[in-house]
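>>> Return a 3D structure for these sequence lines:
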Amino acid sequence: MQEHPEVDVVTVGAGWTAAIIAQQLTAEGLSVVSIERGKAQWTWPDFAHNHDYLKYANRYEMMHDLSKESWTWRPNTRLPSLPMRQYGSFHPGQGLGGAGVHWTCQTWRFLPMDFRYRSHHIERYGEDKLPEGNTIQDWPVTYAELEPYYDQWEYDTGISGKAGNLNGEIIERGNIFEGPRSREFPLPPLRTTLSADLFREACEDIGHHPFVQPSSILSESYVDMSGQPRAACLYCGHCTRFGCEVDAKASPLTAHIPMALDTGRYEVRTHSTVVGIEVNDRGLATGLRYIDRHGREHFQPAARVFVTAYQLTNTRLLLLSRSDAHPNGVGNDENQVGRNYSYQIVRSPAVGVFEGRRFNTYMGNGATREIIYDFQADLFDHADLDFIGGAYISGGIGERDPVGGAEDIPMDNGNGAEGEGNGDDAADLEGEARMWGQQFKDALVHWDSHIPIGIHGESMAFEQNFCDLDPNYTDAYGLPLLRITYDFTENDRNMYRFLAQRCAEIMRAMNPTRMEVTEELGEYNIHEYQSTHNTGGCIMGSNPGNSVTNKYGQVWDTPNVFVTGAALYPQNPGANPTETLCALIYYTLDVMKRHYLNRPDELMT
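Numbering: from 1, shown residues only. Model (predicted):
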């Protein structure tokens with residue numbers, strides 16, 4: 001095994017949080033190495049004219065190589081787990097910049113109540129309102145603590161949007177339900193699609209409060225923290241799963257990684273897979289063990305280890321890192337690693353066809369949408385409802401694949417303008433026929449005339465949903481795969497049923513030629529894409545008995561190891577996770593730089 005010279009910090013991967021760590025700490029004079037399993041993709045010319053659906057959207061060029069490492073899944077402990085052999089429910093990225101290169105850039109702050117999730121609901125409704133078997137808990141950090149770091153990341157990278165709550169002043173056409181922000185967004189909102197405009201008008205007629213999706217895509221040219229100008233969005237329709245050819249998307253590649261490299265104190269080793277965190281007899285980390293592309297084993301010593309990969313990888317690595325000091329894995333002395341795995345409820349309950357209209361849905365980007373927050377979180381009264389939680393509802397679609405989107409088109413069955421579905425694709429013969437034969441051809445005529453209304457809902461933590469190591473399946477190096485035990489709950493199904501009716505009301509107000517409403521959530525399965533918003537497994541909390549880390553992502557039982565990303569979330573709010581995980585690492589590093597930079601083994605308080 002080749003041993004390298006010791007550095008101050010080593011990170012697992014080179015995605016968003018690793019890039020922020022590298023930029024911030026090299027500026028303080030520290031040496032940082034990132035061990036990245038993927039390749040050294042860059043920006044231009046690598047992403048120039050990259051409109052190749054087959055390569056990026058169908059063959060997943062920027063995702064984990066499932067032939068080397070996958071995940072197994074089962075809906076409950078009574079059934080066997082099986083590995084994901086081809087991509088479905090989620091698409092974790094790899095390569096320089098990680099998923100921050102091919103992400104859709106929908107950018108949200110969490111609500112103040114999201115951070116007091118358990119306390120908020122008990123104070124308002126009583127503890128009996130909480131569903132049986134839940135393991136929800138408050139975050140150890142508040143919205144007010146994170147607000148300056150939300151603001152810093154938004155200005156460092158360039159975020160487009162409209163404030164709805166500016167220091168307590170409520171502003172129409174922004175998100176009036178958001179927590180107070182100290183400054184307006186750096187850039188105005190993106191342009192919206194024709195379908196988004198139709199959705200907005202219907203929502204306003206009903207009395208809802210639509211606003212344009214905030215996004216990490218530049219609506220105008222912008223000079224970010226690196227001092228380099230970046231171009232505004234082209235609305236080319238190739239955003240999700242693609243790198244940006246003009247750097248309009250915020251990415252670890254646009255500022256943070258180049259700035260770190262420019263110091264000469266940052267190194268990225270690509271095509272290298274981390275297989276373990278090494279610890280000494282005192283239970284402290286000594287560095288990372290990894291395998292390069294030629295199968296050779298290496299050891300990178302470091303004073304601090306930051307576990308900065310994707311949520312599933314972070315959880316698995318802690319469980320794999322067993323030693324005499326930590327026989328159950330790093331962070332797992334109290335058997336907390338793997339608990340509170342959560343996902344998200346992402347569906348399009350209502351779809352309408354507008355015959356004779358064209359919406360140019362092949363254009364735009366992943367954030368050229370209108371949103372309502374009227375049914376998000378606990379922003380509406382749940383007292384007489386059989387669930388807690390909510391979702392934002394979105395309308396307006398861009399960057400649509402004409403062929404792949406045909407399965408969503410409501411069929412004309414001659415029985416009226418509105419139909420309903422059961423949400424179970426496996427049992428829906430009409431749904432199976434939609435991607436094949438004459439029904440598919442008939443539907444494709446309307447590929448640019450149909451509009452879905454989507455929900456993006458929260459996922460509570462339950463004791464029956466968790467991650468552990470699979471006893472039967474291994475990766476290319478003979479190490480156990482991570483096993484996901486997860487299924488939708490009765491709370492999820494009740495929440496979805498309520499939200500589907502809200503989507504149907506909006507669609508009716510849009511006056512389609514015909515529409516279809518899927519009224520039931522159906523069964524979770526790992527085979528269809530839903531979102532890459534897996535959370536939990538290494539959650540933060542107030543003490544070692546309810547969490548893996550403290551409020552800074554610092555592992556309780558191994559204090560020179562830090563976990564970053566959505567693995568820290570005690571449960572999953574109804575908004576996309578990226579901005580919060582970036583704000584959290586800004587927060588951690590700020591406290592570290594002010595008080596703990598020269599004390600790597602000390603627990604931060």
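>>> Could you report the neighbour count for the closest residue to F375 other than its chain neighbours?
Using CB to CB, 6 or more residues apart in numbering and skipping residues adjacent in sequence, the residue nearest F375 is G390, 4.9 Å away. For every residue, glycine as well, the C-beta is placed using N, CA and C. For G390, the neighbour count with other CB atoms under 10 Å is 27.
>>> For G390, give me its contacts.
By CB atoms under 8 Å, 6 or more residues apart in numbering, G390 lies in contact with F375, Q376, A377, D378, L379, F380, G457, E458, M495, L499, G574.
>>> JSON lines please, covering the residues you listed and showing neighbour count, distance to Q137 and pLDDT.
Shown next, in JSON lines, are the contacts of G390 (neighbours: other CB atoms under 10 Å; distance: CB to CB, whole Å; pLDDT from 0 to 100):
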{"residue": "F375", "neighbour count": "21", "distance to Q137": "24", "pLDDT": "98"}
{"residue": "Q376", "neighbour count": "28", "distance to Q137": "20", "pLDDT": "98"}
{"residue": "A377", "neighbour count": "26", "distance to Q137": "16", "pLDDT": "98"}
{"residue": "D378", "neighbour count": "18", "distance to Q137": "16", "pLDDT": "98"}
{"residue": "L379", "neighbour count": "16", "distance to Q137": "21", "pLDDT": "98"}
{"residue": "F380", "neighbour count": "14", "distance to Q137": "23", "pLDDT": "98"}
{"residue": "G457", "neighbour count": "26", "distance to Q137": "19", "pLDDT": "97"}
{"residue": "E458", "neighbour count": "26", "distance to Q137": "14", "pLDDT": "96"}
{"residue": "M495", "neighbour count": "29", "distance to Q137": "19", "pLDDT": "98"}
{"residue": "L499", "neighbour count": "26", "distance to Q137": "24", "pLDDT": "98"}
{"residue": "G574", "neighbour count": "26", "distance to Q137": "17", "pLDDT": "97"}
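>>> For the longest strand along the chain, list every residue counted as buried.
Once the chain is assigned using DSSP state E, the strand that runs over the most residues is strand 297-307. Within strand 297-307, the residues that count as buried by 16 or more other CB atoms under 10 Å are H298, Q300, P301, A302, A303, R304, V305, F306, V307.
>>> ok, back up a step: let's see the pLDDT reported for the residue nearest to F375.
Looking at G390, its pLDDT reads 98.
>>> quick one: it from D262, how far?
From G390 over to D262 the distance is 44 Å, taken as CB to CB, to the nearest Å.
>>> Also L198?
47 Å.
>>> Please name the strands paired to the helix or strand containing G454 in the sheet, noting orientation.
Assigned by DSSP states H and E, G454 falls within strand 450-457. Paired neighbours of strand 450-457 in the sheet (DSSP bridges): strand 345-353 (antiparallel), strand 391-395 (antiparallel).
>>> May I have it as CSV, with CA atoms only?
Extracted in CSV, the C-alpha atoms of strand 450-457 (Å, rounded to 0.1, in the frame of the first residue of the first chain):
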residue,chain,number,x,y,z
HIS,A,450,-49.8,18.6,-22.6
ILE,A,451,-48.9,20.1,-19.2
PRO,A,452,-48.3,18.3,-15.9
ILE,A,453,-48.8,19.8,-12.5
GLY,A,454,-46.3,18.4,-10.0
ILE,A,455,-45.9,18.1,-6.3
HIS,A,456,-42.6,18.1,-4.4
GLY,A,457,-43.4,16.8,-1.0
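>>> and that strand, how far from the chain's centre?
18 Å (CA atoms, centre = their mean, to the nearest Å).
>>> Also stretch 173-187?
Remark: stretch 173-187 is offset 21 Å from the chain centroid, using CA atoms, centre = their mean.
>>> Contacts for that stretch next, please.
By CB under 8 Å, 6+ apart, stretch 173-187 touches 109-112, 143, 147-148, 150-151, 154-155, 158-168, 170, 209, 211-212, 214, 218-220, 222, 371, 373-374, 376, 379.
>>> Restricted to strands, list these.
Taking DSSP E, the ones among the contacts of stretch 173-187 that sit in strands are N165, L166, I170, F211, V212, Y222, I371.
>>> Let's have the buried residues of strand 297-307 in a markdown table, adding pLDDT.
Output for these, formatted as a markdown table (pLDDT from 0 to 100):
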| residue | pLDDT |
| --- | --- |
| H298 | 98 |
| Q300 | 98 |
| P301 | 98 |
| A302 | 98 |
| A303 | 98 |
| R304 | 98 |
| V305 | 98 |
| F306 | 98 |
| V307 | 98 |
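>>> of the residues you listed, closest to F488?
Closest approach to F488 among the buried residues of strand 297-307 (CB to CB): V307, at 28.6 Å.
>>> Identify the residues contacting that closest one.
V307 makes contact with T11, V12, I277, N314, L317, L318, C538, V561, F562, V563, T564 under the criterion CB under 8 Å, 6+ apart.
>>> Okay, angle between the helix or strand containing the fourth one and strand 297-307 too, please.
Pointing back at N314 there. Assigned by DSSP H and E, N314 belongs to helix 311-320. Interaxial angle, helix 311-320 versus strand 297-307 (axes from the mean of the first three to the mean of the last three CA atoms, to 10 degrees): 120 degrees.
>>> in helix 311-320, what counts as buried?
Result for helix 311-320 [16+ other CB under 10 Å]: buried residues Q311, L312, T313, N314, T315, R316, L317, L318, L319, L320.
>>> Just send those back as JSON lines, with pLDDT too.
Formatted as JSON lines, the buried residues of helix 311-320 follow (pLDDT from 0 to 100):
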{"residue": "Q311", "pLDDT": "97"}
{"residue": "L312", "pLDDT": "97"}
{"residue": "T313", "pLDDT": "98"}
{"residue": "N314", "pLDDT": "98"}
{"residue": "T315", "pLDDT": "98"}
{"residue": "R316", "pLDDT": "98"}
{"residue": "L317", "pLDDT": "98"}
{"residue": "L318", "pLDDT": "98"}
{"residue": "L319", "pLDDT": "98"}
{"residue": "L320", "pLDDT": "98"}
